[in-house]
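Novice: Build me a model from this:
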Amino acid sequence: MSKIIVSNEVYAGIEAVRASGLTNMFDRDAVAELASSMGYGETSEWVKNHAEEYAYAIIYGVAVEGVEYKATYPSS
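Specialist: Residues are numbered from 1 along each chain as shown. As a prediction, this is how the structure comes out:
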């Protein structure tokens, strides 16, 4: 499955809420409220307006728009 692509601002807000440990990330309303109170208004609006994409992102992950990701494997 592919990750959901979001802006750097949205990613930063999601990560800030996750790192705070103040809510279950599946509680979309609480995530939006916390993001807003932490100063991540763009994240709050994105979470509110993209319910399906947000749920998918929580399960499969997010990628920052414009950042190229390469798979890395630990050396033996």
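
Novice: alpha carbons only for contacts and neighbour counts from here, please
Specialist: Will do.

Novice: wait, residue 9 sits on residue 42?
Specialist: Yes - Residue 9 lies in contact with residue 42 (C-alpha atoms under 8 Å); the separation is 6.8 Å.

Novice: remind me which residues of the chain are low pLDDT?
Specialist: 69-76 (pLDDT under 70).

Novice: May I ask you to name the longest helix in it?
Specialist: helix 8-20 (DSSP state H).

Novice: Can you give the contact residues for that one?
Specialist: Residues external to helix 8-20 that are found in contact with it (C-alpha atoms under 8 Å, 6 or more residues apart in numbering): 23, 25, 31, 34-35, 38, 40, 42-44, 46, 62-65.

Novice: Buried subset of those as a ChimeraX selection?
Specialist: Burial among the contacts of helix 8-20 is assessed by 16 or more other C-alpha atoms under 10 Å; the matching ChimeraX selection reads:
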select :25,31,34,35,40,42,43,44,46,62,63,64
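
Novice: now, among the contacts of helix 8-20, which is nearest to residue 55?
Specialist: residue 25 (9.1 Å; C-alpha to C-alpha).

Novice: Check whether the closest one really touches residue 33, as I assumed.
Specialist: No - counting by C-alpha under 8 Å, residue 25 does not reach residue 33; the two are 11.8 Å apart.

Novice: Neighbours of residue 49, how many?
Specialist: A total of 12 residues lie near residue 49 under the criterion other C-alpha atoms under 10 Å.

Novice: got a list of what it touches?
Specialist: So residue 49 contacts nothing (C-alpha under 8 Å, 6+ apart).
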